[in-house]
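*Asks:* Got a predicted structure here, sequence first:
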Amino acid sequence: MSETQTRRIKTYNQISDKGLSRFNSTHYQVDPALDDAEAILLRSYKLQVSDLTASVRAIARAGAGVNNVPLPACTDQGIVVFNTPGANANAVKELVLSGMLLASRGILPGMRYVSELSDMTDNAEMSKLLEAEKKRFAGSELAGKTLGVIGLGAIGSLVAGMAIDMGMTVLGYDPALSVDAAWRLPNQVQKIENVSALLGNADYVSLHLPVLDSTRHLISTDLVAAMKPGLCLLNFSRDEIVDTDAVVAGLDAGQLRMYVSDFPRHELIGREDVILMPHIGASTAEAEENCAIMAAEQLKDFLENGNIRNSVNYPSLFLDRVAGAGTGTRLAISNKNVPGMLGKILSILAQQDINVIDMINKSRDQIAYTLIDLASTPSEAAIAAIADTDDVIKVTVL
Ligand SMILES: NC(=O)C1=CN([C@@H]2O[C@H](COP(=O)(O)OP(=O)(O)OC[C@H]3O[C@@H](n4cnc5c(N)ncnc54)[C@H](O)[C@@H]3O)[C@@H](O)[C@H]2O)C=CC1
Ligand SMILES: O=C(O)C(=O)COP(=O)(O)O
């Protein structure tokens, strides 16, 4: 980066200072009020297509779920979208454990009952009353029960491990499990190929999958009917994974004993058999720091070097900077993934007598991305010729 160049990052949501401090104020302007930002750093803010101004090259989601980012429009416009896999997984795992405990013991009604006794001043009398009444708040233990985990990625695998440590039997369902995630999974997890079979054999089921067209309303009326009677469902994934009407009907019919969710809906508020939290799965100091640091590091490496780690719409790609090479000698090019593009780009550079020192090219679905290190800074005419080539989406000089 040249001494005079300042990169502009627009933030939405509260992002931990531990991450924001990675952006040196000499070279970066980080501000929620920018309207010509090169990059956006956000958490759950629902980004609109109209927020994707022409200057935006990258979006970093400090968190896991990217359903708040308009991904197809980003890809069409050559905007690289990052997330921070695993950075908040432990925070969610711990809240799932608290959800399971709250759902299995009379903790919340018991606390409510005690708080209503504030007028009782005689402690001996209060103890006598509590000993007589506590049977109303008895529960059951997690040990010996069966937990089904739907989605065995960063969070699901930690939840599975935690449940095994608690003495539970764990069933897992994940038709899209990556090889890395499979390696991370505790070997006691019993892989189930059919979601109905998992629901029919579990006492607790925890959802840890992303919202996709294929997962929206996954928990449907049919699947509620397939549940083992008295099941407790935990949703720390997203509201849309569950058909709320089906859950309400399942609770009313007693098929579902309890629904614990990080995503309140008005139909669920006020029910004794529902425990709702205000989307606080990732709201710990540690998770907020982890996510912000990871998002900031990934964004910096992309803005300064064009490298891509943990993108959800672009390939992963890294090219070392040639020692001694100055700024302005690296090109980052996004184009549609069609044949002949590299040849066209390299021939423009050859015509301008610019020597290529190193390069890397990768594709993902309909997008291809190339980093090219050059022996000299290309002329504006050369950049314009590449940018004007059919199917080139974005060219940046780094
Ligand atoms: N409550 C909160 O504050 C938080 C919620 N989340 C939610 O949890 C989700 C999962 O997060 P991570 O575990 O970090 O993501 P991840 O990407 O590591 O794991 C997701 C897993 O779901 C699996 N999956 C995809 N389609 C599936 C299907 N149809 N059935 C079963 N499994 C399927 C994938 O193969 C993958 O293994 C996020 O997408 C987000 O929506 C994540 C972090 C915090
Ligand atoms: O990482 C996720 O997917 C989350 O849901 C966490 O959201 P947050 O960053 O706490 O607004």
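*Replies:* Noted; the coordinates are in hand. The structure displayed is predicted, hence computed values, not measured ones. Ligands and ions are numbered 1, 2, ... in the order given.

*Asks:* contacting residues around the residue of the chain found nearest ligand 1?
*Replies:* Per CB to the nearest ligand atom, residue 153 is where the chain lies closest to ligand 1, at 1.8 Å. All C-beta spots, glycine's among them, are computed from the backbone N, C-alpha and C. Contact partners of residue 153, counting by CB atoms under 8 Å, 6 or more residues apart in numbering, are 85, 174, 177-178, 181, 208-209.

*Asks:* Ramachandran coordinates for the residue of the stretch 51-200 of the chain with the smallest separation from ligand 2?
*Replies:* Nearest residue of the stretch 51-200 of the chain to ligand 2, counting by CB to the nearest ligand atom: residue 63, 2.6 Å away. With angles defined as degrees, to the nearest 10, residue 63 shows backbone torsions of phi 160, psi -170.

*Asks:* Tell me how many other residues crowd it.
*Replies:* Per other CB atoms under 10 Å, the neighbour tally for residue 63 reads 25.

*Asks:* Hmm, it is touching residue 290, no?
*Replies:* No: between residue 63 and residue 290 there is no contact under CB atoms under 8 Å: 10.0 Å.

*Asks:* any shared contact partners between these two?
*Replies:* Shared between the contact lists of residue 63 and residue 290 (criterion: CB under 8 Å, 6+ apart) are residues 84, 87-88.

*Asks:* Just send the residues you listed back as JSON lines, with pLDDT, distance to ligand 1 and secondary structure too.
*Replies:* Output for those, formatted as JSON lines (pLDDT from 0 to 100; distance: CB to the nearest ligand atom, whole Å; DSSP: H, G, I helix; E, B strand; the rest coil):
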{"residue": "84", "pLDDT": "98", "distance to ligand 1": "9", "secondary structure": "coil"}
{"residue": "87", "pLDDT": "98", "distance to ligand 1": "8", "secondary structure": "coil"}
{"residue": "88", "pLDDT": "98", "distance to ligand 1": "5", "secondary structure": "coil"}
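
*Asks:* what does the domain assignment say about the protein?
*Replies:* Using automatic domain parsing, the domain parsing of the chain gives 1-88+283-314, 96-101+142-276, 106-139, 318-398.

*Asks:* Next one: the residue of the stretch 51-200 of the chain closest to ligand 2 relative to residue 87, how far apart?
*Replies:* Residue 63 sits 8 Å away from residue 87, going by CB to CB, to the nearest Å.

*Asks:* Overlap in contacts, the two.
*Replies:* residue 291.

*Asks:* which residues does the residue lying closest to residue 261 once chain neighbours are set aside form a beta bridge with?
*Replies:* Closest residue to residue 261 apart from its sequence neighbours, by CB to CB, 6 or more residues apart in numbering: residue 235 at 4.3 Å. Residue 235 forms beta bridges with residue 207, residue 261, as assigned by DSSP bridges.

*Asks:* Use 8 as the first number for this chain going forward.
*Replies:* Sure, I'll start counting at 8 from here, so that last one is residue 242.

*Asks:* ok, residue 242 - contacts?
*Replies:* For residue 242, the contacting residues are 214, 226, 248-249, 266-270, by CB under 8 Å, 6+ apart.

*Asks:* Could you do residue 152 as well?
*Replies:* Residue 152 neighbours (CB under 8 Å, 6+ apart): 175-176, 210-211.

*Asks:* hmm, try it at 7 Å
*Replies:* Shown in contact with residue 152 (CB atoms under 7 Å, 6 or more residues apart in numbering): 175, 210-211.

*Asks:* Neighbour-wise, give me the winner out of those.
*Replies:* residue 211 (25 neighbours).

*Asks:* tell me the pLDDT at it?
*Replies:* You'll see residue 211 listed with a pLDDT of 98.

*Asks:* same deal with residue 295?
*Replies:* At residue 295, the model reports a pLDDT of 98.

*Asks:* try the one 3 residues further on
*Replies:* The pLDDT attached to residue 298 in the predicted structure is 98.

*Asks:* who's in contact with it?
*Replies:* By CB under 7 Å, 6+ apart, residue 298 lies in contact with 69-70, 91, 94-95, 289.

*Asks:* Residue 369 now?
*Replies:* By CB under 7 Å, 6+ apart, the residues touching residue 369 are 322, 324, 376.

*Asks:* and it, helix, strand or coil?
*Replies:* Following DSSP: H, G, I helix; E, B strand; the rest coil, the label given to residue 369 is strand.

*Asks:* and it, what pLDDT?
*Replies:* What the model reports for residue 369 is a pLDDT of 98.

*Asks:* how close does whichever residue of the stretch 158-307 of the chain sits closest to ligand 2 sit to residue 266?
*Replies:* Of all residues in the stretch 158-307 of the chain, residue 289 sits closest to ligand 2, at 3.6 Å by CB to the nearest ligand atom. Distance of residue 289 to residue 266, computed by CB to CB: 20 Å.
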